[in-house]
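Enquirer: Fold the following.
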Amino acid sequence: MDASPARSPVARLAGGPRELAFWVGELAHRADRPGVVALAVATIEPATRPLLTDLLAGAGPGPDVDALAALDPLRHRPYLDDGPDAAVVADVLLTGLSRSRADHVGARVWAAGHVDGPDDLAGLHRVVRGLLALDSIYGTPECRARLEARARYNLAVEERLLRDALHGAAAS
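Expert: Presented below is the predicted three-dimensional model:
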């Protein structure tokens, strides 16, 4: 499973197993099947499994888990009306956008795999603009209320830095 989402930059965006497990627990009441959501997140990041034992009870592998584990919120942004389980997984994966600027890893990390390499400034700029263009980055009210403003701020800073770098590269 080398190509699994467990090693993807999108999965690492959330900031590690503890942060992922925290948000799974925080948003479990929004999911139709919290155990399936927990198992999908544990599939994406196996280190969360011991932190999610309560939610994992009774959940088993299957196509629903596989579909959620393969979800890429940078390509497909589900909201609660589209399917609560997918919306919760997407929100869990995007929580890292709201980190403080000092902890924010930047577009080069979380957009990897969506661009042609670390020097693809135009591709990075498209990813950031795409997220900023969404009505809401997050699908759950909890994440909208607690994370949306900081995530938009970080993305706006990222967008400005990328735009300046693009204009600087074009001028050279």
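Enquirer: counting residues per helix, which one in the chain is longest?
Expert: Across the chain, the helix with the greatest residue count (assigned by DSSP state H) is helix 141-171.
Enquirer: Check which helices and strands that one is in contact with.
Expert: The contact analysis (3 or more CB pairs under 8 Å, 6 or more residues apart in numbering; DSSP states H and E) places helix 141-171 against helix 17-27, helix 84-94, helix 121-133. All C-beta spots, glycine's among them, are computed from the backbone N, C-alpha and C.
Enquirer: Tell me which of those sits most buried.
Expert: helix 84-94 (a mean of 26; mean count of other CB atoms under 10 Å).
Enquirer: Just the residues contacting that one, thanks.
Expert: Contacting residues not belonging to helix 84-94 are listed as 10-11, 13-14, 20, 23-24, 27-28, 30-33, 36-37, 40-41, 44, 64, 67-68, 71, 73, 77-80, 137-140, 143, 151 [CB atoms under 8 Å, 6 or more residues apart in numbering].
Enquirer: quick one on the thing from earlier: for the record, mean pLDDT for the longest helix of the chain?
Expert: In this model, helix 141-171 has a mean pLDDT of 88.
Enquirer: about what we covered before: make a markdown table out of the helices and strands packed on helix 141-171 and add mean pLDDT.
Expert: A markdown table is the format used below for the helices and strands packed on helix 141-171 (pLDDT from 0 to 100):
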| stretch | mean pLDDT |
| --- | --- |
| helix 17-27 | 91 |
| helix 84-94 | 93 |
| helix 121-133 | 86 |
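Enquirer: Now these in a markdown table, please, with extra columns for distance to L162.
Expert: As requested, these are exported to a markdown table (distance: least, CB to CB, whole Å):
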| stretch | distance to L162 |
| --- | --- |
| helix 17-27 | 25 |
| helix 84-94 | 18 |
| helix 121-133 | 4 |
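Enquirer: Can you say which of the ones you listed is nearest to A165?
Expert: Taking CB to CB, helix 121-133 is the member of the helices and strands packed on helix 141-171 nearest to A165, at 5.3 Å.
Enquirer: tell me the angle of the closest one relative to helix 141-171?
Expert: Put simply, helix 121-133 runs at 150 degrees to helix 141-171, going by axes from the mean of the first three to the mean of the last three CA atoms, to 10 degrees.
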